[in-house]
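J.: Provide a 3D model corresponding to the input given below.
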Amino acid sequence: MTIEPCLDRRVTVPCVSIHYAGAVCATDPGFPMPLQPTHTLRSRTFIGLLFAQFTATFNDQAIHMVAIFYASDMLVRYLRLQYVDEKAVVSIVTACFITPFLLFSPFGGVLADKFSKRSIIVFWKVAEVLMMLTALVGLSLPHLAEWGWLPMPTAALWSAILVVSTVFLMGTHSTFFVPAKYGAMPEIMHPTLLSRGNGFLEGTSFTAQIFGTSVGGILYAMLKSDIHNGVLIPGKEWVIGVLLVLLAGAGTCTAFLIDHIPTAAPDRKLTWNWWQPLRENLRILWGSKPLTLAVLGISFAAFMTLFLRQTLLYEGELSKEIRTVRMMVEGDDAQADTEQNAVRGGVGARLIPVSLDSAAQQSELRVALLIALVGFGVGIGSLLAGFLSGTRVELGLVPIGGACLSLLTFLPALLLHHMWMVVVSLFLIGMAAGLYIVPLYTLLQHRAPKQSKGNVIAASNFLNVVGGIAAVLMFYCLTYGLERLFSPTQSLSQAMASHELVAYFEQLQGQMRVPRSLFAATAIFTVTVLVLLFLRLPDFFVRTLVWLRSGGRSPIRVEGLDNLPADGPAILVTNCRNLEESLQVLSATDRFTRVIQAEGEEATCRASCLRRVARAAGMVSIRNRQEPASDWQAAFQKGLQTLQQGDLVSVSIDDSMPADQVSRLLNDWQQAMPVTIVPVHFSHEPCRGRGRRPRVKIGIPQSGTLSVEQATVAVAAVGESAIEG
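T.: Now for the predicted structure:
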């Protein structure tokens, strides 16, 4: 008889030809055995998932950058389409990528839960090969025109359309692939490895973004077509298409390494009603405070990432124009006047000198490398977050990452003219983002219901798109207002006609205050979110202080975190002797917890800063066990309010707390409303190289009414099992 591990804290059942949580357990030896969560990062399934998502992300970012450069060359520099310029191309390509998330996210979540997540991953990896073949065809069309099979303008137009369409297809790929990828993590990784596994997953994902962005840009610069006197000389862009096809094929092979993952909800009905599954998913999210926190925090990260990306692209376009005008002012090219008379001039012949074209391309490559640098920082930060989190969800890293983001995004605004400082600050911004986002993704995966993990992650993707759209709108509004303040008062053609090119150049340099202001706006947005986070969830900062007091090494060993209810009111009864130990228990959980703890006189001078922050955050602390009854009544009222809000209350039943007061608290709370009692045992254990480290073990929730004596026995039993373990 085989028992399937239950990660959503429900009772495990024998696997004897029954349906449970959407997965069929059978004794038939021909039926795939349920996937057992691995205790190592070296499992074949996890490695296969890493490589599958690495190649998908690489191809995604590479074709994204190639599409921007290629469409700009074909549509703007060669065909000179009216109303289409470089900025329009960037907007179109970005819209092609995010639109599938807006359209298909609810369906992606349903499919990830209805079918095996392994099947979803393999299917879309095979589809990725076909998508890259589409890009290869698009990049090869100019050569067909060169051989006389079709007119060159037609080939250029359709080749650009095919390459940009591939970005839309890859956006669709990500819409369905990402829910299956993240939803599979809690099923293939043991909860104690989930944070570290997510660190590796995010780290390799952003590493793929780095290589995809930079390699795509560099290869295109080396292999791109040439345009001379309105004539297109095809390059070797098809080589990029071949490389992407081969990588997609390799990633598809690694996807087959993933073991069978049982379906979570095979009976879930498919519907073409776009709003219905999304509404159900959002109801799940809003019904759980940890899930609400996770998805909103991740959505803000998506907002900030896209806003920062647009700011870098805007700065690159502006730098390109400044360099072009500088070359004209300095007279480096004799034909500059002829070429610039046609700048943004719509349809008509236009000569682009090689030096100017090279300068423009260098600016684009610089932006691509800067974006890749941010991704590299996120990758390093993600790995660091996984290491620092240890065996638990370390939410204390979220305020640290957010505070670093607030500070670091101000640096480019102040030091934009110092390139090396910008490079360092962008890398550190990426690291801070990694520290911020990994705990939130881990919380989302851990707390999502087992039958709806794909749906919940799909809903999170939808909210990410909403955040991205908000970033686009905010960027447009801010840029529009700032350009009215800092942009030149006349166009380049007007400046050339009036022989005021030098004045125009000086005004153009003043326009660099626009990207500086946009960087500062990013910092202001982050500070605002941090303030709202502190007002809404002040215990986050208590977690941060506890983590910092431990030396930033997260030495706490947590066991039985799955026993903690995902939502609903619960009382944690502990054996903690002082407030510091109670706050250690708080930091081991991933839900808001109000602590009620009496302090002895000997502890009043230690950790005063932590105590002040804990009290400001609403953590109830009775300064002396002999405090008047009014103070204990206030503690009861705050605890009851917390339970009514669906949160946790932690109370110590150790000798440091008066037994009569604790008994009265437990009895009154249980009479006021039905609550779950969760025994939690706190202790210290030897730790090699670190002396002794805290150990928190969460026991099985107890239903019904429990007295103090019964709760004491339950906590002691949890402690004995911890010693035996």
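J.: use CA for all of it now, contacts and neighbours both
T.: Will do.
J.: neighbours of Ser630, how many?
T.: Neighbourhood size, Ser630 [other Cα atoms under 10 Å]: 9.
J.: which SS class is it?
T.: Of the three states, Ser630 takes helix under DSSP: H, G, I helix; E, B strand; the rest coil.
J.: got a pLDDT number for it?
T.: pLDDT, Ser630: 70.
J.: buried residues of stretch 235-249, list them for me.
T.: Burial within stretch 235-249, assessed by neighbour count using 16 or more other Cα atoms under 10 Å, is assigned to 235-242, 244-245, 247-249.
J.: now do the contacts for the residue nearest to Gly402 when sequence neighbours are not counted.
T.: Spatial nearest neighbour of Gly402, chain neighbours left out: Tyr436 (6.2 Å); criterion: Cα to Cα, 6 or more residues apart in numbering. Shown in contact with Tyr436 (Cα atoms under 8 Å, 6 or more residues apart in numbering): Leu397, Val398, Pro399, Ile400, Gly401, Gly402.
J.: just the element for Tyr436, please.
T.: Using DSSP states H and E, Tyr436 sits within helix 419-447.
J.: now the helix or strand following that helix: average pLDDT?
T.: Where DSSP H and E defines the elements, the next helix or strand beyond helix 419-447 is helix 453-486. Throughout helix 453-486, pLDDT has a mean value of 80.
J.: so which elements touch helix 453-486?
T.: In this structure, helix 453-486 packs against helix 86-114, helix 152-188, helix 275-286, helix 289-330, helix 419-447, helix 513-536, with contacts taken as 3 or more Cα pairs under 8 Å, 6 or more residues apart in numbering; DSSP states H and E.
J.: how about a cut-off of 10 Å?
T.: On a contact count with 3 or more Cα pairs under 10 Å, 6 or more residues apart in numbering; DSSP states H and E, helix 453-486 meets helix 86-114, helix 152-188, helix 275-286, helix 289-330, helix 419-447, helix 501-510, helix 513-536.
J.: mean pLDDT for those helices: which is lowest?
T.: Set side by side, the helices and strands packed on helix 453-486 give their lowest mean pLDDT on helix 275-286, at a mean of 74.
J.: what residues does that helix touch?
T.: 104-107, 109-110, 269-271, 287, 291-296, 444, 447-449, 452-460, 462-463 (Cα atoms under 10 Å, 6 or more residues apart in numbering).
J.: can we see that at 7 Å?
T.: Helix 275-286 is contacted from outside by Pro106, Leu291, Thr292, Asn455, Val456, Ala459, using Cα atoms under 7 Å, 6 or more residues apart in numbering.
J.: now tabulate the residues you listed in CSV and tack on neighbour count and distance to Ala497.
T.: CSV is the format used below for the contacts of helix 275-286 (neighbours: other Cα atoms under 10 Å; distance: Cα to Cα, whole Å):
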residue, neighbour count, distance to Ala497
Pro106, 32, 55
Leu291, 26, 60
Thr292, 17, 58
Asn455, 31, 59
Val456, 32, 59
Ala459, 30, 54
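J.: can you redo those residues as JSON lines with distance to Arg80?
T.: Shown next, in JSON lines, are these (distance: Cα to Cα, whole Å):
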{"residue": "Pro106", "distance to Arg80": "39"}
{"residue": "Leu291", "distance to Arg80": "49"}
{"residue": "Thr292", "distance to Arg80": "47"}
{"residue": "Asn455", "distance to Arg80": "44"}
{"residue": "Val456", "distance to Arg80": "45"}
{"residue": "Ala459", "distance to Arg80": "40"}
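J.: closest one of those residues to Ala588?
T.: Lowest distance from Ala588 to the contacts of helix 275-286 (Cα to Cα) belongs to Leu291, with 17.1 Å.
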